[in-house]
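**Student:** show me the folded form of this:
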Amino acid sequence: MARLVCGIDEAGRGSVIGPMVIAGVLIEEEKIDDLVRLKVRDSKELKPEERERIYDDIMKTVKSYEVVVLTAREVDSKTRKNKMKGINYLEAKVFAKIINDLKPDVVYIDLPTRDVKKFELTISEMLKHQCILVLEHKADKKYPVTSAASIVAKVTRDREIEKLRERFGDFGSGYPHDPETRKFIREVLGSDNEVREYVRWSWKTINRVAQTKLEEYESERG
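**Tutor:** You can find the predicted model right below:
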């Protein structure tokens with residue numbers, strides 16, 4: 001029987017607006033060359049239209065897949081600031097769920113933390129299905145199956161972000177380094193705009209933006 005290989009990756013971990021998406025794809029080992037022919041690679045290295053095209057081909061090629069969309073509120077609720085176990089634990093929990101559901105023989109995971117042993121132990125404790133775990137930094141650049149998962153996660157998140165833009169206007173990329181995103185956050189601070197539900201308020205970036213707004217307000221009063 002062909003060995004089943006799984007790749008897992010995420011998109012939107014560091015964003016302050018919108019969901020974090022985690023995707024897993026499952027494929028027979030002998031079909032990995034098919035992914036190579038599709039020219040899969042780290043989703044960040046592809047243009048949006050390339051990701052969309054390859055996404056469709058990936059879905060036709062893999063044996064199975066699973067995508068988990070975690071809302072901003074769900075991510076926020078698990079942060080250490082909110083006295084929970086943190087985003088690494090949240091990711092490990094979802095990774096374990098995907099592995100348990102897809103039941104691969106080996107899984108290649110793009111490692112989200114420096115502490116490999118701790119993260120591997122966290123996942124292992126939640127696994128009901130036993131398999132070979134390969135956890136590496138930049139796995140989405142090394143293993144085609146993880147590159148495929150990266151693309152699936154990114155395309156799914158891009159589609160979710162586009163829905164938010166249609167509702168609330170342009171807020172940039174949704175990442176804290178983006179001036180447009182920071183400007184948008186500054187504008188909705190203190191408002192009851194519905195978009196607040198899609199912002200990760202526990203992120204340090206929000207505190208810095210809030211402090212800047214407070215200083216501007218005090219300056220105007222002075």
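**Student:** buried residues in the longest helix along the chain?
**Tutor:** Looking across the chain with DSSP state H, the single longest helix is helix 144-168. Applying a neighbour-count criterion of 16 or more other Cβ atoms under 10 Å, one finds 144-158, 160-161, 164 buried in helix 144-168. Using the backbone N, CA and C atoms, a C-beta is placed for each residue, glycine as well.
**Student:** ditto for stretch 65-73
**Tutor:** Within stretch 65-73, the residues scored as buried using 16+ other Cβ under 10 Å are 65-70, 72.
**Student:** who's in contact with that stretch?
**Tutor:** 17-26, 59, 90, 94, 97-98, 101-102, 152-153, 156-157, 160, 197-200 (Cβ atoms under 8 Å, 6 or more residues apart in numbering).
**Student:** filter the residues you listed down to the buried ones.
**Tutor:** Neighbour counting by 16+ other Cβ under 10 Å classes 17-26, 90, 94, 97-98, 102, 152-153, 156-157, 160, 198-200 among the contacts of stretch 65-73 as buried.
**Student:** which of those residues fall within helices?
**Tutor:** Those of the buried ones among the contacts of stretch 65-73 lying in helices (DSSP H): 90, 94, 97-98, 102, 152-153, 156-157, 160.
**Student:** nearest to Lys31, of those residues?
**Tutor:** For those, the closest approach to Lys31 (Cβ to Cβ) belongs to Leu102, at 14.9 Å.
**Student:** pull up the gap between the closest residue to that closest one other than its chain neighbours and Ile8, please.
**Tutor:** Once flanking residues are discounted, Leu102 sits nearest to Leu26: 4.5 Å by Cβ to Cβ, 6 or more residues apart in numbering. Remark: distance between Leu26 and Ile8 (Cβ to Cβ, to the nearest Å) = 10 Å.
**Student:** can you check Val199 too?
**Tutor:** In this view, Val199 and Ile8 are 26 Å apart by Cβ to Cβ.
**Student:** circling back to that earlier point, Ala2: which of the buried residues of stretch 65-73 is nearest?
**Tutor:** After measuring those against Ala2 - Cβ to Cβ - the closest member comes out as Tyr65, at 16.9 Å.
**Student:** helices of this structure, residue ranges please.
**Tutor:** 32-37, 48-61, 72-77, 87-102, 116-126, 139-142, 144-168, 179-188, 204-221.
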